[in-house]
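[1] Give the three-dimensional model of this entry:
(chains A and B)
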Amino acid sequence: MTGTTHLRGRRGALWLGKFARLVLTVAVTFFGLLLVTFLIGRIVPVDPVLAVVGDRAPKSVYDRVYIELGLDKPLWEQFWMYLQKVFTGDFGISFLSKRPIVDDIARVFPATLELATVGIIIGTVVGVPAGIWAAVRQGKWPDQLVRVLGLVGYSAPIFWLGLLGLLVFYAKLHWVAGPGRIDIAYEYAFTPKTGLILWDTAMQGQWGAFANAFSHIILPASLLGYFSMAYISRMTRSFMLAELAQEYVTTARVKGVPEWRIVWVHALRNAAVPLVTVIALSYAGLLEGSVLTETVFAWPGLGQYLTNSLQNADMNAVLGGTLVIGAIFVGLNLLSDLLYNVLDPRVRRRA
Amino acid sequence: MSTRAWLLSDHPTSRRQARLGQSYRTWLALRGNWLAMVGLAIVLALVLVAVFAPWLAPYDPVVGKDLNTSRLLPPLSPGHLLGTDDLARDILSRLIYGTRLTLMVVALVAVIATPIGLLVGTTAGYFGGWVDTVLMRFTDVVLAFPRLILALAFVAALGPGIENAIIAIAITSWPPYARLARAETLTIRDSDFIAATRLQGASSTRIIWKHVVPLCMSSVIVRVTLDMAGIILTAAGLGFLGLGAQPPQPEWGAMIAGGRRFLIDQWWVATMPGIAIFIVSLGFNLLGDGLRDVLDPKGRK
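    Take a look at the predicted model:
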């Protein structure tokens, strides 16, 4: 009795130590993210004062803004000011929209979230069975097919496939709706609450608007899903191959367990743990793909906001967007790490 | 004794023979993988086309013909195999000259990023301790950004253009090489030959450059080859967003962006450069996969 509590206590302490180390790692990484974005902001050839006051401002105004922006202070002090601002949620004002960047990002983020989520669902639902199929038929044509589809996904430029998709499925076949999130006719058919159009329309029973939004999202989301599928199916295949070579699989076969049960229940359950981390990582990867996809599909999300700001030299917005995407990326990496620890009892015990 | 027998000899009599024999065996293994051979053929074709571009291209890549008669001609028009774009320029000629830009981006990124990765990784692995901690933390921070996003931010700061795009891609490419080089260094750091060299009084710099780096090279080179497709796609993405090569340069990503306006009626203007990007990055992927199978027995299943 005392032995088990003692053990549990020690394990708890180990867990705590591990957790503390993780928190420290994340803190250092975030600090690094801030430093990198700050330094990028400092090498810009655009004069930040001129961007605020315009090039016809008198010398006195220029000097006042110069001091207000803290540009007369040493670099480390400027960085300290930047840190303070970021921690109070102040990324500055966008030159383009004249609004705080935090508000802008909060406005565009749900669109990206919706797109990436539908994308990862498609990628998982197709990618995991495809990988299992390839592993079970290793070396046969299904394996080759999955491999070739993956290679195409790794080699084709996503923006080009997006354009081709628009050309074929929207312009020629009229199967899906075109760029944008929803037709203007439906834009006021529902009250936006979460910013996730599919969710809002479904909750309010506006099925016409839902169908329209769905036909807008399906093409870009399938495209993103295809790219994550390439990665997910490849990893599923190798995890499943490793599991199917294990002795418990042989035992199950000797016992006469049906093959489908061995594959879909026994092996898949063991392969599922590393798979969850792979899916979390490719969810993060979709953020990257969304920059180009959103540009092609005029999808009003974070990616399009970032490229718009870039093309208009709106540096505050670019750095704010970069920082937010970097932070989400780190967060998802951390999440996949934690999930791995929580889900796999072997790792838990080793900790 | 035939050359082949000399190369495959089990008892090489000189260092040169052993080294050449090893390369020959690698080549034989690679030759057995027909997909890798297809990849190699594509990459070689890319290099040849880039070298002989002025002789291969039927027209000038930048100056178009008569805007009244030769604008947006469809593929297979007389004299224009792949058609012309909105400025009456021959698309095939632009694609042929575009190989030079693609090759330049890939080569320069490899030349800039590989040494940085090797230097950071081997230094961190060799010295260990706080040097390792600091360098690897820094590497992790750069890795924490999605690559395209960080490259975008750098290009935004440096200003658009192909040189800046190359710098930005190189800055975002080295961290995986550093990690790999560090892992390799850790496995050989404590071996006897390193200790022997140190006892002879070799400096750390000498040990790293002369003894550690050469041993890390092969795995890093495989990794760089595998990354080439990603580099091409990132460069094309930057070009597409108008942040890479600037018009009228015949860069493939920028060409797709240029053809976007005519997508529905003149599909070939945007489609052709995409096919070119696809073929070239497929070639690098196939070659890299093959090289990994041959040079890295651990990755073989």
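[2] ok, now how distant is whichever residue of the stretch 1-150 of chain B sits closest to chain A from residue A:326?
    Residue nearest to chain A within the stretch 1-150 of chain B (Cβ to the nearest Cβ): residue B:141, separated by 3.0 Å. Using the backbone N, CA and C atoms, a C-beta is placed for each residue, glycine as well. Residue B:141 is 9 Å from residue A:326, where distance means Cβ to Cβ, to the nearest Å.
[3] Let me see the domain layout of chain A.
    Using automatic domain parsing, the domain parsing of chain A gives A:15-87, A:106-350.
[4] mean pLDDT for the ones you listed: which is lowest?
    For the domains of chain A, mean pLDDT drops lowest on domain A:15-87, to a mean of 78.
[5] now it, how far from the centre of its chain.
    25 Å (Cα atoms, centre = their mean, to the nearest Å).
[6] Do a quick rundown of the helices in the stretch 201-350 of chain A.
    Applying DSSP state H, counting those that start in this stretch to the stretch 201-350 of chain A gives helices spanning A:207-244, A:247-255, A:259-261, A:268-297, A:302-311, A:315-343, A:345-350.
[7] now the domains of chain A in CSV, with distance to chain B?
    Converted to CSV, the domains of chain A look like this (distance: least, Cβ to the nearest Cβ, whole Å):
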stretch, distance to chain B
domain A:15-87, 3
domain A:106-350, 3
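[8] can you tell which of the ones you listed is closest to residue B:208?
    Closest to residue B:208 of the domains of chain A, according to Cβ to Cβ: domain A:15-87, at 25.0 Å.
[9] circling back to that earlier point, could you provide the helices of the stretch 201-350 of chain A in JSON lines, with additional columns for distance to residue B:34?
    Below are the helices of the stretch 201-350 of chain A laid out as JSON lines (distance: least, Cβ to Cβ, whole Å):
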{"stretch": "helix A:207-244", "distance to residue B:34": "20"}
{"stretch": "helix A:247-255", "distance to residue B:34": "32"}
{"stretch": "helix A:259-261", "distance to residue B:34": "32"}
{"stretch": "helix A:268-297", "distance to residue B:34": "29"}
{"stretch": "helix A:302-311", "distance to residue B:34": "39"}
{"stretch": "helix A:315-343", "distance to residue B:34": "36"}
{"stretch": "helix A:345-350", "distance to residue B:34": "40"}
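[10] Find the one among the ones you listed with the highest mean neighbour count.
    helix A:302-311 (a mean of 24; mean count of other Cβ atoms under 10 Å in any protein chain shown).
[11] ok, the residue of the stretch 1-150 of chain B closest to chain A to residue A:329 distance?
    11 Å.
[12] residues near residue B:90, how many?
    Neighbour count of residue B:90, defined by other Cβ atoms under 10 Å in any protein chain shown: 25.
[13] no no, residue B:88
    Residue B:88 has 19 neighbouring residues, counting by other Cβ under 10 Å.
[14] Next up, the contacts around it.
    Going by Cβ atoms under 8 Å, 6 or more residues apart in numbering or on different chains, residue B:88 touches B:64, B:65, B:66, B:67, B:69, B:70, B:71, B:72, B:73.
[15] hmm, 7 Å instead?
    The contact partners of residue B:88, taken as Cβ atoms under 7 Å, 6 or more residues apart in numbering or on different chains, are B:64, B:65, B:66, B:67, B:70, B:71.
[16] Tell me which residues touch the fourth one, please.
    For residue B:67, the residues meeting the contact criterion (Cβ under 7 Å, 6+ apart) are residue B:88.
[17] For it, give its distance to residue B:84.
    Residue B:67 is 10 Å from residue B:84, where distance means Cβ to Cβ.
[18] check contacts around the closest residue to residue B:100 other than its chain neighbours.
    Spatial nearest neighbour of residue B:100, excluding adjacent residues (Cβ to Cβ, 6 or more residues apart in numbering or on different chains): residue B:50 at 4.7 Å. The contact partners of residue B:50, by Cβ under 7 Å, 6+ apart, come to B:99, B:100, B:103.
[19] 10 Å instead?
    Counting by Cβ atoms under 10 Å, 6 or more residues apart in numbering or on different chains, residue B:50 touches B:56, B:96, B:97, B:98, B:99, B:100, B:101, B:102, B:103, B:104, B:107.
[20] My understanding was that the second one contacts residue B:51; is that so?
    No. Under the contact definition of Cβ atoms under 10 Å, residue B:96 does not touch residue B:51, with a separation of 11.0 Å.
[21] Please identify which of these two sits among more neighbours.
    residue B:96 (23 against 13).
[22] If we ignore the residues flanking it in sequence, what's nearest that one?
    Nearest-residue entry for residue B:96: residue B:57, 4.3 Å, with adjacent residues in sequence omitted and distances by Cβ to Cβ, 6+ apart.
[23] Spatially central residue for the chain, please.
    All of this is about chain A. In chain A, the centroid-proximal residue (Cα atoms, centre = their mean) is residue A:284; its distance is 3.1 Å.
[24] That was the other one, I meant chain B.
    Nearest to the mean C-alpha position of chain B, counting by Cα atoms, centre = their mean, stands residue B:228 at 3.0 Å.
[25] Let's verify it: helix, strand, or coil?
    Applying DSSP: H, G, I helix; E, B strand; the rest coil to residue B:228 yields a three-state assignment of helix.
[26] Correct me if wrong: it contacts residue B:289.
    No. Applying Cβ under 10 Å, one finds residue B:228 not in contact with residue B:289, separated by 11.9 Å.
[27] overlap in contacts of residue B:141 and residue A:329?
    Common neighbours of residue B:141 and residue A:329, using Cβ under 10 Å, 6+ apart, are A:29, A:33.
[28] thinking again about what came up before, what's the closest of the contacts of residue B:50 to residue A:127?
    Each of the contacts of residue B:50 was checked against residue A:127 using Cβ to Cβ; the closest is residue B:102, at 29.7 Å.
[29] in which helix or strand would I find that closest one?
    helix B:91-127 (DSSP states H and E).
[30] May I see the buried residues of that helix?
    Neighbour counts over helix B:91-127 (16 or more other Cβ atoms under 10 Å in any protein chain shown) mark B:91-106, B:108-110, B:112-114, B:116-126 as buried.
[31] can you give me how far the worst-scoring helix or strand of chain B on mean pLDDT is from the chain middle?
    The helix or strand of chain B with the poorest confidence is helix B:3-8; it has a mean of 82 (mean pLDDT, DSSP states H and E). Distance, stretch centre to chain centre, for helix B:3-8: 32 Å (Cα atoms, centre = their mean).
[32] For that helix, name the packing helices and strands.
    When contacts are defined as 3 or more Cβ pairs under 10 Å, 6 or more residues apart in numbering or on different chains; DSSP states H and E, helix B:3-8 packs onto helix B:15-31.
[33] So for the helix it packs on, mean pLDDT?
    On average, helix B:15-31 scores 84.
[34] right, is that helix up against chain A?
    No. Using Cβ under 10 Å from any Cβ of the partner chain, helix B:15-31 stays clear of chain A, with a minimum separation of 17.5 Å.
[35] contact partners of that helix?
    With contact meaning Cβ under 10 Å, 6+ apart, helix B:15-31 is reached by B:3-4, B:6-12, B:14, B:36-37, B:39-40, B:218, B:287, B:290-291, B:293-295.
[36] Which of the three states applies to residue A:114?
    Using three-state DSSP, the structure places residue A:114 in helix.
[37] what sits against it?
    Taking Cβ under 10 Å, 6+ apart, one finds A:181, A:194, A:195, A:196, A:197, A:198, A:199, A:213, A:217, A:221, A:299, A:301 in contact with residue A:114.
[38] how about a markdown table for the residues you listed, with distance to residue B:183 added?
    A markdown table is the format used below for the contacts of residue A:114 (distance: Cβ to Cβ, whole Å):
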| residue | distance to residue B:183 |
| --- | --- |
| A:181 | 44 |
| A:194 | 44 |
| A:195 | 43 |
| A:196 | 42 |
| A:197 | 46 |
| A:198 | 44 |
| A:199 | 44 |
| A:213 | 47 |
| A:217 | 41 |
| A:221 | 37 |
| A:299 | 39 |
| A:301 | 37 |
